[in-house]
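J.: Sequence first, predicted model second:
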Number of protein chains: 2
Amino acid sequence: MSGFRHVALFRWVEGTTTLQQDEVAARLRELPGLIPEIRSYSLGVDAKVNQGAFDFAVVADFDDRDAYLVYRDHPAHRAVVGEVVGPLLAERAAIQYEL
Amino acid sequence: MSGFRHVALFRWVEGTTTLQQDEVAARLRELPGLIPEIRSYSLGVDAKVNQGAFDFAVVADFDDRDAYLVYRDHPAHRAVVGEVVGPLLAERAAIQYEL
């Protein structure tokens, strides 16, 4: 399967509530409807299997690098990052790679 | 698509060579043949699109949590982690979540 994958893991600040995390997920889930370049969009909350795991994951697939860049710089994506993800973020780990 | 996903991002220590990274990838690619619980196994090298990205990604899918735990604790996986990933690791970010 060719394509381009973006992975971002978030660790929330102390005291972040499930409600706040649900709002992040809800806002992110809107993006595939707003950004057609998104080919697949998987969101996940840590299953608490291992200590030290991050709290939340985004695994997004695109046809190619350029499609990912449209997503990265898209106003709808920037808004979610600025309005709901950023204020809760203690740590972020990310990578992008060719599938 | 139901299932269980494991995501691990690695940042290598300064001076890690492409050859060393290729050996990690080669050893990890052997695991699906040794651990049938692995349903899909995606490995990726950072495409250098964004500053500060991690160097390497593993995105592995399993039928369920228990299948992931077999992988996590499998001797073949532990060997790769101990012999080739661990010695090169500066930082690791991981999460597991229900698909």
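T.: Thanks, I have it. Because the structure is predicted, anything quoted here is derived from the model rather than measured.
J.: hey, let's count contacts and neighbours off CA atoms from now on
T.: Fine.
J.: And the helix or strand containing residue A:68, how far out from the chain middle?
T.: Using DSSP states H and E, residue A:68 falls within helix A:65-73. The chain centre lies 13 Å from the centre of helix A:65-73; the measure is C-alpha atoms, centre = their mean, to the nearest Å.
J.: So which other helices or strands are in contact with it?
T.: Here helix A:65-73 touches strand A:4-12, strand A:38-45, going by 3 or more C-alpha pairs under 8 Å, 6 or more residues apart in numbering or on different chains; DSSP states H and E.
J.: Strand A:38-45 and that one, what's the angle between them?
T.: 50 degrees (axes from the mean of the first three to the mean of the last three C-alpha atoms, to 10 degrees).
J.: related to what we said a few turns ago, out of the helices and strands packed on helix A:65-73, which is the most enclosed?
T.: Scoring the helices and strands packed on helix A:65-73 by mean neighbour count under mean count of other C-alpha atoms under 10 Å in any protein chain shown gives strand A:4-12 as the most buried, with a mean of 23.
J.: Give me the angle between it and helix A:65-73.
T.: Interaxial angle, strand A:4-12 versus helix A:65-73 (the same axes, to 10 degrees): 30 degrees.
J.: in chain A, which residue is closest to the centre?
T.: With distances taken as C-alpha atoms, centre = their mean, the residue of chain A nearest its centroid is residue A:58 (3.5 Å).
J.: Kindly list the main-chain dihedrals of that one?
T.: phi -120, psi 130 (degrees, to the nearest 10).
J.: This completes my enquiry, with thanks.
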